[in-house]
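Undergrad: Sequence first, then the predicted structure:
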Amino acid sequence: MSNGVLVDISKCIGCRSCQTACRTWNDLPVKTSQNTNQWDVPVELDADTWTRVSCYLAGEGNERRWRFVKRQCMHCNEPACESACFTHSFLKTEEGPVIYKPTELNKDYCVGCRYCMIACPFNVPKFQYEKTFPYVQKCRFCYDRLLENERPACITACPTGALKYGDRQTLLAEARQRINSNSNYVKHIYGEKEYGGTSWMYISDVPFEQLGFKTSVSEKSIPSYTWQALKWTPYIFAGWGAMLTAMRFFTKPKEEGHNEAEMYAPVDPKE
Amino acid sequence: MYGRNWSFRITWFRILLIISVLIAAAASLYRFIYGLGAVTNLNDQWPWGLWIGFDLLCGIALAGGGFSTALVVHVLHRDKYLPIARAALLTSLLGYIISLASLLLDIGRWFNFWRPFFYWGFHSVLFEVFWCISIYTTIQVLEFGDIFFEKVKCPSLKKILGYMITPLLILGIVLPTLHQSSLGSLFIVAVDKLYPLWWSMLLPFFFVWSAFFLGPAMVTIEGTIASRAYGRDPELPVFQSMTRITTWMMIIYFIIKMIDLNYRGVFGMAFNGSHESNMFLIEMIVFVLLPIFMYAIPSIRNKLWGVVTASVLVVVGVVFNRMNVVFTGMARSVGGSYFPSAWEFLITLGMWSFLALAYLFIVENFAILPKEGHAHSNSTATYGTHFPA
Ligand code: SF4
Ligand code: SF4
């Protein structure tokens, strides 16, 4: 059973309890230097901020309203980060979460190349630049709690029911039912198909473009693109190698033309 | 054989290079102890900066001279190109060593660099890049061993290398073909992130193709500098006949680029006036079309300045292309800003200074450049204009 979360943006009041709950449960430090007058602080996810709520003034004219969007790793069904990592330090678990340093065995295999950060279409993984031996950091869907049959920390903190945790398929059905029964909703479930689908999904009463979502993106998963190129590797290796060998013998001159050693000499810089 | 021992002439220029290497070495040490944040301006929006974008991607593209020359000389047996074969191998080897060094510098957990050898993330493009680069560097070291043991006498080892030379040569072309293209595939993952003028499923093809046609241009430049520095005659006829390869390959490159843009329906984006479109137009017109014309016109091609200028355009153009893929094309989607720190520049400078020093040392001590059959007639007249190598 693959789990997911349905985020109903129309229900979020922007209290940021989820943000605080995440910090607390995962022991993530706060940088006091980030205390500014800005509403959304910190402005971006970072190595110590695995989820954050951003605010938008959305809609037109009299219909303008504040909307709040919780962001975190989307926990893609076919994650780009997992496919990009050459030490396989990311893993999509059966339960739904995409976790970093998945097993006891490979918990220290990450080399810190940051290709996962290039690969993630949602720019989620962040890096501990200030550390000597940094790790990549991102939301892990409270995998530790899930294994204990607990809901993720952010979900338990939400006072309005904007976040709903459950089986992904059940949630999808519920989302469909919600957006179809109420004309206020945008008729789109963000995360149903985006990049092959994600475990975290959003429904909203304002267009997603106005809320900082990347819309009209590919429905094919990112690993499937990469694989289209990578799958040729063995054939190129064998085919090109055979061709070169054949050409080398085919064009070989009858007698050895040059004695290579006689041809070259060290340069005398004093010339 | 040459009755000469090791030698390395010290000039002011070389002392500058050595100082630059020492500064870079100190800065690298600092980086290894205090981490990336202490030395670089890399950030969460820009995880890859100067070292990956320039030193690694460009270093390896510039080393493309090694495999294209190997293909022409050792597989197709075009012996007229033999005079440049060893120099091409040497630059290529040094280029790869730089790339590996910048990779080691850039990875956060550098002591883990060997992990991918044992833990197989084979669905990753980077996995292929990493394996190919490391094996190919080893192969180049072995190929170079053949030259090394001409001077450092060790007949048994030289004999073993002699048996291995054919498989080494073949692998030494197949592996770079694979990873030059997979350097392009690295960015396939950036669907919707890399600007559509550059993102394409054909990225692997564009990368390997351009690395290949860059080879002769690189050899031309390097050969000219070396001949200037040592007061020798440049191999002008060799350079000229190589331009045919480059010209045709660049024409094909250009045509396929255009077909690809049309096929993906983004051709119009090249003229939409955005920063990206301008950079793209510069890349295509100045660095692809212009050198094609310069190579095609005999009165330009047959002069040393013509061939060298066009070759510089080709080389700078490939660097420009890589920079566009890594920086220009990504800027819009990732936001934030990045400009390399002084330390990043100094370390880069140090690495390239090391390359220059290593080149000079090896060329002066091993048989790399062709013997000069003829004395340099007007050497005294031109001596003043030589680079102070
Ligand atoms: S959102 Fe990014 S980090 Fe999260 S699973 Fe998807 S690719 Fe990985
Ligand atoms: S806790 Fe719930 S209501 Fe509060 S910000 Fe998070 S999602 Fe919104």
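TA: Yep, it's here. From a predicted model like this one, the values you see are computed outputs, not experimental measurements. Ligands and ions are numbered 1, 2, ... in the order given.

Undergrad: Quick check: phi and psi at the single nearest residue of the stretch 151-271 of chain A relative to chain B.
TA: For the stretch 151-271 of chain A and chain B, the shortest gap (C-beta to the nearest C-beta) falls at A:Tyr264, measuring 3.8 Å. Any C-beta I mention is one placed from the backbone N, CA and C, and that applies to glycine too. For A:Tyr264, the backbone dihedrals (degrees, to the nearest 10) come out as phi -110, psi 160.

Undergrad: Could you check how far it is from A:Asn26?
TA: As for A:Tyr264, its distance to A:Asn26 is 62 Å (criterion: C-beta to C-beta, to the nearest Å).

Undergrad: Looking at these two, which is more packed in?
TA: Higher neighbour count among A:Tyr264 and A:Asn26: A:Tyr264, with 21 against 16, using other C-beta atoms under 10 Å in any protein chain shown.

Undergrad: pLDDT at the nearest residue to the more buried one once chain neighbours are set aside, what is it?
TA: Spatially, and ignoring its direct neighbours in sequence, A:Tyr264 is nearest to B:Ala367 (3.8 Å; C-beta to C-beta, 6 or more residues apart in numbering or on different chains). pLDDT, B:Ala367: 83.

Undergrad: pull the longest helix from chain A.
TA: For chain A, the helix with the greatest residue count under DSSP state H is helix A:233-250.

Undergrad: Identify the residues contacting that one?
TA: Residues outside helix A:233-250 that contact it (C-beta atoms under 8 Å, 6 or more residues apart in numbering or on different chains): B:71, B:74-77, B:128, B:166, B:169-171, B:173-174, B:177-178, B:181-182.

Undergrad: now swap in stretch B:324-338 and tell me
TA: Contacts for stretch B:324-338 (C-beta under 8 Å, 6+ apart): A:123, B:41-46, B:48-49, B:52-53, B:57, B:187, B:190, B:192-195, B:197-199, B:203, B:275-276, B:279-280, B:283.

Undergrad: In helices, which of those residues appear?
TA: Counting by DSSP H, the part of the contacts of stretch B:324-338 found in helices is B:57, B:203, B:275-276, B:279-280, B:283.

Undergrad: Return the closest of these with respect to chain A.
TA: Comparing the ones in helices among the contacts of stretch B:324-338 against chain A with C-beta to the nearest C-beta places B:Leu203 closest, at 7.9 Å.

Undergrad: Tell me how far the nearest residue to the closest one once chain neighbours are set aside lies from B:Gly172.
TA: Once flanking residues are discounted, B:Leu203 sits nearest to B:Gly184: 3.8 Å by C-beta to C-beta, 6+ apart. Using C-beta to C-beta, one gets 20 Å for the distance from B:Gly184 to B:Gly172.

Undergrad: So for the two, which sits in the more crowded spot?
TA: The neighbour count for B:Gly184 versus B:Gly172, taken as other C-beta under 10 Å, is higher for B:Gly184 (27 against 24).

Undergrad: Name the residues of the stretch 51-200 of chain A found near ligand 1, please.
TA: Residues of the stretch 51-200 of chain A that fall close to ligand 1, judged by C-beta under 6 Å from any ligand atom: A:73-76, A:79-81, A:98, A:120, A:122, A:124-125, A:138.

Undergrad: which of those residues lies closest to chain B?
TA: Nearest to chain B out of these is A:Ala80 (C-beta to the nearest C-beta; 6.0 Å).

Undergrad: Excluding residues flanking it in the chain, which one is nearest that closest one?
TA: In space, and not counting its chain neighbours, A:Ala80 is closest to A:Ile222: 3.8 Å by C-beta to C-beta, 6+ apart.

Undergrad: Mind pulling up the pLDDT for the one you found?
TA: Looking at A:Ile222, its pLDDT is 90.

Undergrad: Surely it and A:Asn77 touch.
TA: No. A:Ile222 lies out of contact with A:Asn77 (C-beta atoms under 8 Å); the separation is 11.0 Å.

Undergrad: between the two, what contacts are shared?
TA: With C-beta under 8 Å, 6+ apart, A:Ile222 and A:Asn77 have common neighbours A:Gly196.

Undergrad: more crowded one of these two?
TA: Taking other C-beta under 10 Å, A:Ile222 and A:Asn77 do not tie; A:Ile222 has more neighbours (28 against 19).

Undergrad: residue contacts, the residue nearest to A:Ala80?
TA: Contacts here follow C-beta under 8 Å, 6+ apart; on that basis A:Ile222 touches A:78, A:80, A:83, A:119, A:121, A:195-196, B:189, B:191.

Undergrad: how deep is the residue in the stretch 101-250 of chain B that ligand 1 sits nearest to tucked in, by neighbour count?
TA: Relative to ligand 1, the nearest point of the stretch 101-250 of chain B is B:Val189 (9.7 Å; C-beta to the nearest ligand atom). Using other C-beta under 10 Å, B:Val189 has 27 other residues around it.

Undergrad: looking at it, the residue of the stretch 151-271 of chain A closest to chain B is touching B:Leu369, isn't it?
TA: Yes. Look at A:Tyr264 against B:Leu369 with C-beta under 8 Å: they come within range, at 6.3 Å.

Undergrad: separation between B:Val141 and B:Glu128?
TA: 21 Å.

Undergrad: neighbour count winner among the two?
TA: Legend: neighbour count by other C-beta under 10 Å for B:Val141 and B:Glu128, higher for B:Glu128 (24 against 13).

Undergrad: pLDDT of the one helix or strand that one maps to, averaged?
TA: Assigned by DSSP states H and E, B:Glu128 belongs to helix B:125-151. Here helix B:125-151 scores 85 as its mean pLDDT.

Undergrad: Ok, stretch A:166-182 next?
TA: Here the average pLDDT along stretch A:166-182 is 93.
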